[in-house]
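>>> give me coordinates for this.
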Amino acid sequence: MKASQIAICTFLVLLLINVQVSMAVTCSPVQLSSCVSAITSSTPPSNLCCSKIKEQRPCLCQYMKNPNLRKFVNTPNARKVANTCGTPFPRC
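So this is what the prediction gives:
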């Protein structure tokens, strides 16, 4: 292989690794604290709430398995907030 081909392959591998790392989500229910008022009342969700729901969407099934979190996450209001934010609930 030529040096230029090795350099291109190395660049592509590093780019691919970087994309995979940036796509990883750290599941933290605290990240959804900006949504509490929207979930517990009829207050519309804030932009921050919507961005956090989109970010934490891969974690929602995990949260629903936790009895302490399920009573907040698996409610009609929580689903309404998610739908308002354009983030449909996953099927778990």
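>>> from what I see, Lys52 and Val30 are in contact.
No: using Cβ atoms under 8 Å, Lys52 is not in contact with Val30; the gap is 9.7 Å. For glycine as for every other residue, the C-beta is placed from the backbone atoms N, C-alpha and C.
>>> these two: which is more packed in?
Neighbours around Lys52 and Val30, counted as other Cβ atoms under 10 Å, are more numerous at Lys52. The numbers are 21 against 8.
>>> check the secondary structure at the more buried one for me.
Counting by DSSP: H, G, I helix; E, B strand; the rest coil, the backbone at Lys52 sits in helix.
>>> quick check on the spatially closest residue to it that is not a sequence neighbour: phi, psi?
Excluding the flanking residues, the one nearest Lys52 by Cβ to Cβ, 6 or more residues apart in numbering is Gln31, at 5.0 Å. With angles defined as degrees, to the nearest 10, Gln31 sits at phi -60, psi -20.
>>> repeat for Cys27
With angles defined as degrees, to the nearest 10, Cys27 sits at phi -70, psi 120.
>>> I figured it hits Leu60, correct?
No: the pair Cys27 / Leu60 is not scored as a contact, 9.2 Å apart, by Cβ under 8 Å.
>>> the two: who's more crowded?
Neighbour comparison, Cys27 and Leu60: the larger count goes to Leu60, with 22 against 11 (by other Cβ under 10 Å).
>>> quick check: pLDDT value at that one.
Leu60 carries a pLDDT value of 93.
>>> how many neighbouring residues does Thr84 have?
Thr84: 14 neighbours (other Cβ under 10 Å).
>>> for Ser42, that is, sorry about that
Number of residues near Ser42 (other Cβ under 10 Å) recorded here: 8.
>>> and it, how far is that from Cys85?
Ser42 sits 15 Å away from Cys85, taking Cβ to Cβ, to the nearest Å as the criterion.
>>> repeat that for Ile53.
Note on Ile53: its distance to Cys85, by Cβ to Cβ, is 5 Å.
>>> quickly list what's touching both of those two.
Shared contacts of Ile53 and Cys85, defined by Cβ atoms under 8 Å, 6 or more residues apart in numbering, are found at Pro45.
>>> who has more neighbours out of these two?
Ile53 (24 against 21).
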